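Chemist: here are the coordinates; sequence isn't available:
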Ligand SMILES: *[C@@H]1O[C@H](CO)[C@@H](O)[C@H](O)[C@H]1NC(C)=O
Ligand SMILES: [Cu+2]
């Protein structure tokens, strides 16, 4: 009985450590900091080190912008053509980074060409 409780306790400690480590590793970033997801946000990523699992929060006035997860070509060409591109519209969109390049643009009229795009490399 006492032994069983001991190992249950041990399992819980290990579980807690794992949870704490995961929380410690994943960071949350508000894109554009105080300005949010807006024009000329491109470059905000410079000097930051992103990891897979980190979360980007895109804040903007709902209806004024959107966030489209595109491929690298979509970032460079301001092109949303891939049919599998995911579109976020909530104004408070949380997107978890995957390993490698993560590219996002706003597909409203000419916003992407006005620097409303992001290419983030996560390790
Ligand atoms: C990520 O994007 C950069 C900049 O365009 C490019 O040089 C690099 O090859 C890309 N990496 C991958 C894995 O596609
Ligand atoms: Cu926009």
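Modeler: That came through fine. Please read all numbers here as calculations on a predicted model, not as lab measurements. Numbering: from 1, shown residues only. Ligands and ions are numbered 1, 2, ... in the order given.
Chemist: The nearest residue to residue 113 once chain neighbours are set aside: neighbour count?
Modeler: Excluding its sequence neighbours, the residue lying closest to residue 113 (Cβ to Cβ, 6 or more residues apart in numbering) is residue 78, at 5.5 Å. For the C-beta atoms, the positions are set from N, CA and C on the backbone; glycine is no exception. Residues within reach of residue 78, counting by other Cβ atoms under 10 Å, total 18.
Chemist: Kindly report the same for residue 58.
Modeler: Using other Cβ under 10 Å, the number of residues around residue 58 comes to 25.
Chemist: I'd assumed it was in a strand, is it?
Modeler: Yes: counting by DSSP: H, G, I helix; E, B strand; the rest coil, residue 58 falls inside a strand.
Chemist: Show the pLDDT at it.
Modeler: pLDDT, residue 58: 98.
Chemist: what separates it from ligand 1, distance-wise?
Modeler: 20 Å (Cβ to the nearest ligand atom, to the nearest Å).
Chemist: Kindly state the beta-bridge partners for that residue.
Modeler: Beta-bridge pairing of residue 58 under DSSP bridges involves residue 93.
Chemist: swap in residue 102?
Modeler: Where residue 102 sits in a bridge, its partners, by DSSP bridges, are residue 120.
Chemist: mind checking how far it is from residue 63?
Modeler: Residue 102 sits 24 Å away from residue 63, going by Cβ to Cβ, to the nearest Å.
Chemist: who has more neighbours, these two?
Modeler: Between residue 102 and residue 63, counting by other Cβ under 10 Å, residue 102 is the more crowded of the two (24 against 9).
Chemist: pLDDT below threshold where in the protein?
Modeler: In the predicted model, the chain carries pLDDT under 70 at residues 1-24, 82-84.
Chemist: could you pull out the strands for it?
Modeler: 28-30, 55-59, 67-70, 86-88, 92-96, 100-105, 117-122 (DSSP state E).
Chemist: Out of those strands, which one sits most buried?
Modeler: Comparing those by mean neighbour count (mean count of other Cβ atoms under 10 Å), strand 67-70 comes out on top with a mean of 23.
Chemist: And the contacts of it?
Modeler: Strand 67-70 has contacts (Cβ atoms under 8 Å, 6 or more residues apart in numbering) with 37, 58, 74, 79-80, 82, 85-89, 93, 95, 102-107.
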